[in-house]
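Student: What would the 3D arrangement of this be:
(5 chains, ligands or ions: 4)
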Amino acid sequence: MTYKLQLIDVTKSFGTLEVCKGISFDVKKGELVCMIGSSGSGKSTLLRCINLLEAVDGGRILLDGHDITDPDLDPQPIRRRIGIVFQSFNLFPHMNVMENVMLAPRRVHRTPKAELLAETTALFERFGLADRMTHYPDQLSGGQQQRVAIIRALAMKPEIMLFDEVTSALDPELVGEVLDVLRKLKSEGMTIILATHEMGFAREAADKICFLDQGIIVESGPPEQLFTNPKQARTREFLSRVM
Amino acid sequence: MTYKLQLIDVTKSFGTLEVCKGISFDVKKGELVCMIGSSGSGKSTLLRCINLLEAVDGGRILLDGHDITDPDLDPQPIRRRIGIVFQSFNLFPHMNVMENVMLAPRRVHRTPKAELLAETTALFERFGLADRMTHYPDQLSGGQQQRVAIIRALAMKPEIMLFDEVTSALDPELVGEVLDVLRKLKSEGMTIILATHEMGFAREAADKICFLDQGIIVESGPPEQLFTNPKQARTREFLSRVM
Amino acid sequence: MSKDMQTGTPAASEKVAGFSKQARQQREIRLRRRSTLIATVSTISVFLAIYILVPMAPGWEKVQHSFFNWEIFEKTFPTLLNAFLLDIAIFAWSAPLIAIWGLALALARDARSPALFPLRLFATVYNDIFRGVPVILTIYLIGFGIPGLGLPRPWNSPYIWGSVALVLSYSAYVAEVYRAGIESIHESQRAAAKSLGLSHWDTMRFIILPQAVRRVLPANMNNLISLQKDVALLSFIGPVELLRQAGVFKSFYANFTPYLGAALIFLAVTIPATRFADSLMARQDKERR
Amino acid sequence: MSKDMQTGTPAASEKVAGFSKQARQQREIRLRRRSTLIATVSTISVFLAIYILVPMAPGWEKVQHSFFNWEIFEKTFPTLLNAFLLDIAIFAWSAPLIAIWGLALALARDARSPALFPLRLFATVYNDIFRGVPVILTIYLIGFGIPGLGLPRPWNSPYIWGSVALVLSYSAYVAEVYRAGIESIHESQRAAAKSLGLSHWDTMRFIILPQAVRRVLPANMNNLISLQKDVALLSFIGPVELLRQAGVFKSFYANFTPYLGAALIFLAVTIPATRFADSLMARQDKERR
Amino acid sequence: LAAENCAVGKTVTDGVLTIGTGNPAYFPWVIDDNPESGQGFEAAVAYALADRMGFDADQVVWTRTTFDQAIQPGVKDYDINMQQYSITEERRQTIDFSSPYYTSAAAVLVRKPAVEAGAQPNIASLKGLKWGAAAGTTANELINSLIDPEPQTLLYDDNADITEALKSNQIDAVLLDLPSALFTAAVLLDDGVVLGQFPSDATGELDQFGAVLEKGNPLLECVDTALAEMGADGTLASIEARWLQSETGVPVIE
Ligand SMILES: Nc1ncnc2c1ncn2[C@@H]1O[C@H](COP(=O)(O)OP(=O)(O)OP(=O)(O)O)[C@@H](O)[C@H]1O
Ligand SMILES: Nc1ncnc2c1ncn2[C@@H]1O[C@H](COP(=O)(O)OP(=O)(O)OP(=O)(O)O)[C@@H](O)[C@H]1O
Ligand SMILES: [Mg+2]
Ligand SMILES: [Mg+2]
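Tutor: Ligands and ions are numbered 1, 2, ... in the order given. The predicted structure follows:
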């Protein structure tokens, strides 16, 4: 059993709008998978389904081989194993960033305060934000905020991290620092799924690219192949528009 | 007299915050000048000063050789000669796009209705939006909205057009269509000043690049020189971050 | 391509079939049924408890006689309904005046030329005063006071001066709501209008006001609902509208059931109106996202 | 580089020197002075006109006697001030109860488990009823009705039940405000909390409520100001507070000056409070941009 | 109306006497809230007065006002208003009163439980009770000057509210004019007791009822003349005897 996560024929509708029309793919441990595709193609919805923030309508999602879409399961313990970072509105604006990071481990894992403080400080240091621990989110730049959001997810010690266009709301200059963090995570062996518009980064860092269009995976494969030699006309058209 | 617009030592503060610290540059008729620089460097403020939406504190702005910063001048007739398009919140959401375009000529120039309708239709056709004239702004994509905003400014028959990061709020796929409109305007001989983060476009289309940092123009020159061989350390550093 | 991947996936889970759409739907229906059952049972038991326990209070019979007296209800309700027509009439002529005068005040507060400073000052002081004094006090002062100045007959009517008091009070609230709406329109909209060369007044008329008025519609709906209720305060200076009629019946029968009838009539109007305002608000919130 | 450019620019304009910063500032100061002058002159002339013209109106002497009677003002004002202490006391013990009960109602309306359906239903119906009925009616019905159930002496006091009526009425409004605040917190904040594995209640307590309560502070300030004014309605079931005391004086002297005194006392409290709420609101709007 | 009549040209509507009363008008001053019937003390006085002034019964029109409305300054839409207004010097600043048509004793109304708890018709005992009164009336003044009770007096808009407050035991005692007190005790309460009445020398002028007229109304002289005649020839006394219960038997408070 080498797959960390498998999606099998996942479908999801909002009312009459079919957003995922049977999506299947799998992610090995330590892999970085990039999802690309135009706005509204269903990338965010898919990530939210994996994190159980949305219930799927059909199909299965297997985490370490266990179906996590079973409606009788308590979703909370599963969510803790899967970290997610959104495009924006990530941090809790009324707490300083240290409190942001420490809240969930304290309430959910009941980690003792001293231990937690040490762990948190270590995390902030690792990502170069040790001097910002008592700042409030709005005192930080967008890039720093996203890095804190990543730290917060990591503090729950997840097995997979999902990133939903984490650089889209950033000024171009701040994109780099967030992508650096992703590179670092990958090099440390984290399993990562990433929805992004940063084609350069996808090409450089991904193990696999999935191109979504209108709720289905049109094409997927290693970045060199997909970017240089796309098989599908739709992929070619999309790439010509964004590159 | 070949300069369409000259800025001479323009300064502008908000309270104690000096945003423009003596900015001088000039634009010839038919030229496209790009302003680049990191967030907060003062690009938007400068464009707003040129359009007289903000009053400068010191220095002069000459349009066709006439100082337009004279506080005794009525700003309205001058503003009509200078079109501006913003990053977002451009269109009036309660009117359809045709009404958006026709309002100002009707109220300001008092153009007769029939003539105006013909002109407006011609403009929409020229920019490929003839079939969207009765749509409301929120029924259009971001790129289409920006194109309508450009049409609206053009309907006042301005002599210069200012663009303030008109593609920053757009999905990457929609950026292209707006840049195409800019190319077209330039080819038709419009004088253009543009604040942008799109380095690729700046390099390709601009006649001159000005790099702003902390309220001064650090370096300016033709794009090949500035991008390939920047003289100032600050410019080099900025370019390394965004390219 | 995706088909390929799917068949390529090893069937590693114990539940090979997964949860089919039908199975999932059936489970959901079952869950929903259970919820409905729990909800129904718990609701019924709570109401039953109230129904059984309250009448066991020692003074219940007296209270029932004084407050829930069917006989008196029957006798007074038609007259109460009739009296409510006066509330509606007062509301109907006050509301448009409030809308107009409130808008004028909002524009006066927004006046920018220095020569119009007295206007701005006036509007500011006006709003402070009329929002600061309880409506009932304004009604007493204006409704009793102005006619006391010796106005000749038809012009000293409490209907007129009571309505004037309502209009004066409520227009201050409405003006503030309009002003909030005007200020909520993004600065860029003004900038866009200005950059096109539109005048201050044209910008207000074509760009700001249409958006502002629409945006504050729910807030103004709530003001209207309050107004509908405060029309009843006119009764304190004479007009025999619903509340006064209920009070007359109360005095006459020394029984409070007519007040209950009045409350029911108010609810019949205000609940649908509130629902409507809430739905307006919700729709607007949704649109803004 | 920029220095270079500047000197390289041909001095094409007629006004070679441009407008120096000093010249510009002086011009601005001059302009501002002129505006101030215009404003002052126009304000003074308007007030002068009022001051001269109004006393020429035919009924002015009567008005002065009935409304602006210094003698009666002097005689009644201290007692009025004293009566206002009761308003303050009622306000002081009602406001915290309203805040707590309103929050409880808001949470009840937000309850999601089916077993809590009666709670949700209750909160919904409660809010509809108490927002739909004029406060004065609620005060009559509860202030007279509940004590009528036969409560023993200290527990049947109109102070208690009048306050209860206020609390019941106002908590419905406050609950709606809280609810709007809770709903205004961006969906992503809930999603972020959920994705970290926080429970529903922890999310509410640590993430949603702290933000929501802060966000609706200005709206709740406005509710408090309304409450301060509606405390006066308690007078209808007995307590002799400011409004009643003014009414007694009015009847006794057949003169409206005491009402004016009452209005002044209300204004002294509500204007600063309103200003404060407005500034809170403005600060919040600014922050949100 | 005869041309020489003193009311000519002085009424709101020519040839008609408009009389204001309460809404509702209370027993025993007006029976069944129907003043047109002439039943009840004030209704009967009104018709007798109208007759003296030269108006036939069908020339009398009734209008309703609240208690407060009648004593506010300004133009009135009635000629005279009769709803148990006590004549006071302060009120005379703003409105005119006719000469009194009735002198009422101020009576203390309580419920049985208060009597059982030991309430007695003397000042010392009354001081300890919780008092209520109608806000616009002179009763509040009388309570303060005659009894000066320890707990704060509660004030209400009308008799119905007072009755309700008595019933729910929020107050122990109210001060009313004697006829109203007798009526309330007998009809509105199951266990009402008129505990006592104040001697008229104690209450001074505060318990004389006069009709209210607009300040400076020339009709006043007419009304006063008519009332004086009615007093002199015993008309008022006979109306009183017919409509108002005998006051004997209610103890006088020392
Ligand atoms: N809660 C919801 N209710 C209804 N429709 C929704 C909801 N969430 C998403 N959608 C719709 O589903 C479709 C897919 O949305 P999704 O956010 O997954 O796309 P995306 O690929 O992430 O796009 P983007 O690049 O803009 O983030 C869109 O049409 C969107 O409007
Ligand atoms: N109206 C204002 N009042 C106060 N400060 C302002 C105002 N407008 C702009 N500023 C400040 O002036 C500085 C320059 O802002 P400006 O918008 O001109 O920068 P910019 O180069 O356009 O940045 P961006 O790339 O983010 O648009 C910023 O620090 C900004 O906060
Ligand atoms: Mg998305
Ligand atoms: Mg900008």
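Student: hey, let's count contacts and neighbours off CA atoms from now on
Tutor: OK.
Student: ok, the residue in chain A positioned nearest to ligand 2 - contacts?
Tutor: Here chain A gets closest to ligand 2 at one residue, A:D171, 7.7 Å apart by C-alpha to the nearest ligand atom. By C-alpha atoms under 8 Å, 6 or more residues apart in numbering or on different chains, the contact set of A:D171 is A:142, B:39.
Student: Tell me the confidence at C:R153?
Tutor: For C:R153, the model assigns a pLDDT of 69.
Student: Can you list the residue ranges for strands in chain A?
Tutor: Remark: strands assigned in chain A by DSSP state E are A:3-14, A:17-28, A:32-36, A:58-63, A:66-67, A:82-85, A:160-164, A:191-195, A:208-213, A:216-221.
Student: any chance of these in JSON lines, plus mean pLDDT and distance to E:E164?
Tutor: Shown next, in JSON lines, are those (pLDDT from 0 to 100; distance: least, C-alpha to C-alpha, whole Å):
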{"stretch": "strand A:3-14", "mean pLDDT": "89", "distance to E:E164": "59"}
{"stretch": "strand A:17-28", "mean pLDDT": "89", "distance to E:E164": "62"}
{"stretch": "strand A:32-36", "mean pLDDT": "92", "distance to E:E164": "74"}
{"stretch": "strand A:58-63", "mean pLDDT": "88", "distance to E:E164": "66"}
{"stretch": "strand A:66-67", "mean pLDDT": "86", "distance to E:E164": "69"}
{"stretch": "strand A:82-85", "mean pLDDT": "92", "distance to E:E164": "64"}
{"stretch": "strand A:160-164", "mean pLDDT": "92", "distance to E:E164": "67"}
{"stretch": "strand A:191-195", "mean pLDDT": "92", "distance to E:E164": "71"}
{"stretch": "strand A:208-213", "mean pLDDT": "91", "distance to E:E164": "74"}
{"stretch": "strand A:216-221", "mean pLDDT": "90", "distance to E:E164": "74"}
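Student: how about TSV for these, with mean neighbour count added?
Tutor: Compiled in TSV, the strands of chain A are given as follows (neighbours: other C-alpha atoms under 10 Å in any protein chain shown):
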stretch	mean neighbour count
strand A:3-14	20
strand A:17-28	19
strand A:32-36	27
strand A:58-63	24
strand A:66-67	20
strand A:82-85	27
strand A:160-164	23
strand A:191-195	24
strand A:208-213	23
strand A:216-221	20
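Student: Could you point out which of the ones you listed sits nearest E:D77?
Tutor: Distance to E:D77, taken as C-alpha to C-alpha, is lowest for strand A:3-14 among those, at 67.9 Å.
Student: is chain C contacted by that closest one?
Tutor: Yes - using C-alpha under 8 Å from any C-alpha of the partner chain, strand A:3-14 comes into contact with chain C via A:6, A:8-9.
Student: for stretch E:114-131, which positions count as buried?
Tutor: Going by neighbour count (16 or more other C-alpha atoms under 10 Å in any protein chain shown), the buried part of stretch E:114-131 is E:114, E:119, E:121-122, E:126-127, E:129-131.
Student: which one of those residues sits closest to D:L242?
Tutor: Proximity of those to D:L242 (C-alpha to C-alpha) peaks at E:W131, which lies at 18.7 Å.
Student: What residues are recorded as beta-bridge partners of that closest one?
Tutor: Listed by DSSP bridges, the beta-bridge partners for E:W131 are E:A173.
Student: So it sits against E:I171, correct?
Tutor: Yes - in terms of C-alpha atoms under 8 Å, E:W131 counts as a neighbour of E:I171; the distance is 5.7 Å.
Student: Mind listing the shared neighbours of the two?
Tutor: Joint contacts of E:W131 and E:I171 (C-alpha under 8 Å, 6+ apart) are E:L154.
Student: Minimum distance to chain C, which residue of chain E gives it?
Tutor: Nearest residue of chain E to chain C, counting by C-alpha to the nearest C-alpha: E:G74, 3.6 Å away.
Student: ok, so of the residues of strand A:3-14 next to chain C, who is nearest chain B?
Tutor: When these are compared for distance to chain B (C-alpha to the nearest C-alpha), A:D9 wins out at 27.9 Å.
Student: distance of A:A104 from chain B?
Tutor: 33 Å (C-alpha to the nearest C-alpha, to the nearest Å).
Student: Oh, that last question was meant for C:A89, not what I typed.
Tutor: As for C:A89, its distance to chain B is 33 Å (criterion: C-alpha to the nearest C-alpha).
Student: Can you report how many residues lie near that residue?
Tutor: Counted by other C-alpha atoms under 10 Å in any protein chain shown, the residues lying close to C:A89 total 12.
Student: What of the one 10 residues further on?
Tutor: By the measure other C-alpha under 10 Å, the count of residues near C:A99 is 18.
Student: Quickly find the element holding it.
Tutor: Assigned by DSSP states H and E, C:A99 falls within helix C:70-109.
Student: which helices and strands sit right next to that helix?
Tutor: helix C:117-132, helix C:158-184, helix C:217-230, helix C:242-253, helix C:257-288 (3 or more C-alpha pairs under 8 Å, 6 or more residues apart in numbering or on different chains; DSSP states H and E).
Student: Could you give the separation of it from the chain centroid?
Tutor: Chain-centre distance of helix C:70-109: 13 Å, with C-alpha atoms, centre = their mean, to the nearest Å.
Student: if we can go back for a sec, could you dump the helices and strands packed on helix C:70-109 to CSV with mean pLDDT, mean neighbour count and distance to A:R132?
Tutor: What follows is those, written out as CSV (pLDDT from 0 to 100; neighbours: other C-alpha atoms under 10 Å in any protein chain shown; distance: least, C-alpha to C-alpha, whole Å):
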stretch, mean pLDDT, mean neighbour count, distance to A:R132
helix C:117-132, 87, 21, 45
helix C:158-184, 91, 23, 34
helix C:217-230, 88, 20, 41
helix C:242-253, 84, 23, 62
helix C:257-288, 85, 18, 33
